[in-house]
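Visitor: Have a look; sequence and predicted model below, questions after that.
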Amino acid sequence: MPVKGSIFSKMIVLIVVLLLPVILLYIYFNHVAESHIRREIEQSTFGRLRFFLSQVETKLEQMSYYSAQIARDPTMSELQASGLDSDAFSKWKSVSSLSEKLRLLSSSSPWENHMNLYFPETKEVISTDGSPFDEALFETPLEPGWVRRKFTMYGTQVPGFVYYLIEPASYRQRPRDATFVIEVGFPERSLVSMLDEFKAGGPGDPFFYRPGTVPIRSRTSDGQTVPIITGALRSLPEQHSWTQEIRTENGSFLVYLVYSERLGMYLADYYPEESLFSSVHNSRTIFYLSIASLLLISLIGSLLFHRHVQTPVRVLVRAVQRLKQGDYSYRIRHRGEAEFEYLFDRYNGMAAELQMLIEHVYEEKLRSREAVLKQLQSQINPHFLYNSLNTIKTMSILGNVEAVESMIVNLGDFYRYTTRTEKRLAAVREEAEFVRSYLSIQQLRMPRLSFDIDIPQEMETLEIPRILLQPIVENAVVHGIENRLGAGTVEIQGELEAGWCRLIVSDNGKGLSGEALASLELRLQTPLTENTGCGLWNVHQRLQLEFGPESGISFSPSPLGGLCVELKWPVSQKDRKELTARVPHSAG
């Protein structure tokens, strides 16, 4: 029985099926772990950003409150009530008091700052850093809240944030007509210092950003990554806090943003995904390497199993199949492990013994077949002898001495032909001459008998068992013509067509009915009994033993009016070669 499928491929499929649930579970738990880490990092980062932003906005609120304190100061009210045109001492006293309060308020802030008190009408200014009156400041409306812009501090233009308190507040669009304007400002480096402190306490790289402006970064900020990130943050949603994943040529980043309403800017922080999930990625890499190692080990194990187990089993199965097909000479040459080596040796020994036994049985079968053929041939001789002696007796009674003499001579030739046991086969030509002698003897007994023998020349040299045709002719004469009045005719024809040989014996005797023909053919297929005629059965069995089961005798009504008996057998390979070699010679 052939091996169905490959054990090696089945083992690989089994390993994959076993590992697949593990891989799927790991992918699921890895995704859950990564999501959990993302969530924890997001909560932690937003907490840190909001806390830092609250510190910044507290300081902004504090400085905004300074301007309100100056605006509500009693000295400011007195100065407004008496006007700046009062006597010089009172004016000096009020200005000195306000200047001192401005310096005290400015110094109380942890951030570097400056505070200016402008009087647009008189174009005078009270400043903590000695800044002059800024004419350009009053030429445009002043925006509410903290505004990012450059301002003069200690005589130098610095980028920063300023806050304006206008009295009255309705004059914000025309500050030149206002009673006074309080300006509070701080440079961007104050935020940079806080970003430095904030960055030192955490893993991120925070910065302030507003679309369309330059970001405010810490001093140790990555000058290459931040511009890339801000370039991807051009359109921001109006949310107080949100997260965005940005993919760049330098890698992927998770950006966390919190909006500051006081500054009108976003406080942003970013982390490279590779650093955030390095532990997860490392564990994933280790897992995949482990799975790959398991697959490799399984593959090597399967290959070893295939080589040391499956291959020897296939070799053994193939040998058994060859043995089943009748090839007993096949031997296993494959070398394997000790156990399979033992099985191979036992198989080779068994096959050798089977071959020897089968050859012995085959030889015995050939001897038995030869004995059966000789036995069947010997059955013909007494049968013909009995018929011939009866004929001689009859001729003697009739006084036909010449016929008796001819009969005895032909009978001697007949036994000389049949007793040549050293040669079992004879040419068709010899059989035809033998039958011709037999019919000549019958003509001496029955002058009304006539016969015709027509055999193609190419059939004459073909060999058939001896005394194969004579019993058929004898039955035609004895059972077909002898009991019939009038002239009797026997025709013998030979045919060679499509690899088959035929000898057809026809007579004009009384013939047989359809039922009798069927019964006669059935008796040819049954074993010989006392009630079965041995002549036709003998010829049929000898044909099948010699040429195979498709050979034999068949019966049919004769065109002459009697019975037609056909002997059929295939042309042997030897005779086929001789006929093929003879055709060109005959054509020449």
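Guide: Perfect, I can see it now. Numbers count the residues shown, from 1 in each chain.

Visitor: what's the neighbour count on Pro559?
Guide: Pro559 has 10 neighbours, counted by other CB atoms under 10 Å. All C-beta atoms are positioned from the backbone trio N, CA, C, and that covers glycine.

Visitor: What pairs with the longest strand seen in the chain, parallel or antiparallel?
Guide: What stands out as the longest strand in the chain, according to DSSP state E, is strand 156-167. Applying DSSP bridges, strand 156-167 is found paired with strand 147-153 (antiparallel), strand 180-187 (antiparallel).

Visitor: what's the least confident stretch among the ones you listed?
Guide: Note on the strands paired with strand 156-167: strand 147-153 shows the lowest mean pLDDT, a mean of 87.

Visitor: who's in contact with that strand?
Guide: By CB atoms under 8 Å, 6 or more residues apart in numbering, the residues outside strand 147-153 that reach it are 114, 129, 131-132, 134, 157-164, 183, 185, 187, 210, 213, 263-265.

Visitor: Quick check: buried residues in that strand?
Guide: Neighbour-count burial for strand 147-153 flags 147-148, 151-153 (criterion: 16 or more other CB atoms under 10 Å).

Visitor: returning to that earlier point: and of the strands paired with strand 156-167, who's closest to Asn348?
Guide: In terms of CB to CB, the element of the strands paired with strand 156-167 nearest to Asn348 is strand 147-153, at 98.1 Å.

Visitor: Alpha carbons only: can I get the closest one in CSV?
Guide: In CSV, the C-alpha atoms belonging to strand 147-153 read as follows (Å, rounded to 0.1, in the frame of the first residue of the first chain):
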residue,chain,number,x,y,z
VAL,A,147,1.1,89.0,23.7
ARG,A,148,4.3,87.6,22.3
ARG,A,149,6.4,90.4,20.8
LYS,A,150,9.7,92.2,21.2
PHE,A,151,10.1,94.9,23.7
THR,A,152,12.8,97.2,25.1
MET,A,153,14.4,96.0,28.3
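
Visitor: List the buried residues in the helix or strand hosting Tyr259.
Guide: Per DSSP states H and E: Tyr259 is located in strand 251-260. Of all the residues in strand 251-260, those buried under the rule 16+ other CB under 10 Å are 253-260.

Visitor: Please compute how far whichever strand or helix holds Ser302 lies from its chain's middle.
Guide: Ser302 is located in helix 278-305, with elements delineated by DSSP H and E. Distance of helix 278-305 from the chain centroid (CA atoms, centre = their mean, to the nearest Å) equals 22 Å.

Visitor: Now do whichever helix in the chain runs longest against strand 156-167, angle only.
Guide: Looking across the chain with DSSP state H, the single longest helix is helix 7-72. Angle, helix 7-72 to strand 156-167, by axes from the mean of the first three to the mean of the last three CA atoms, to 10 degrees: 60 degrees.

Visitor: Make 16 the first number, not 1, from now on.
Guide: Sounds good: first residue 16 from here, last item helix 22-87.

Visitor: Report the rounded mean pLDDT for helix 22-87.
Guide: In this model, helix 22-87 has an average pLDDT of 82.

Visitor: Next, the angle strand 266-275 makes with it.
Guide: 30 degrees.

Visitor: Strands along the stretch 216-365 of the chain, start to end?
Guide: For the stretch 216-365 of the chain, the strands defined by DSSP state E, counting those that start in this stretch cover 222-224, 231-232, 256-263, 266-275, 280-287.

Visitor: what helices or strands is the fourth one leaning on?
Guide: Read that as strand 266-275. helix 22-87, helix 240-247, strand 256-263, strand 280-287, helix 288-291 (3 or more CB pairs under 8 Å, 6 or more residues apart in numbering; DSSP states H and E).

Visitor: hmm, who's touching it?
Guide: For strand 266-275, the surrounding residues in contact (CB under 8 Å, 6+ apart) are 53, 56-57, 60-61, 64-65, 68, 71-72, 223, 240, 244, 248, 251, 254-262, 280-289, 291.

Visitor: quick one, what contacts Glu288?
Guide: Applying CB under 8 Å, 6+ apart to Glu288 gives the contacts 260, 266-269.

Visitor: And the pLDDT at it?
Guide: 78.

Visitor: What distance do you get for it to Ser294?
Guide: Distance, Glu288 to Ser294, using CB to CB, to the nearest Å: 12 Å.

Visitor: Just the angle for the strand holding Tyr274 relative to strand 256-263, thanks.
Guide: Going by the same axes, to 10 degrees, strand 266-275 is angled at 150 degrees with respect to strand 256-263.

Visitor: Adjacent strands (with direction) for strand 266-275?
Guide: strand 256-263 (antiparallel), strand 280-287 (antiparallel).

Visitor: That one relative to helix 240-247, how many degrees between them?
Guide: Counting by the same axes, to 10 degrees, strand 266-275 lies at 70 degrees to helix 240-247.
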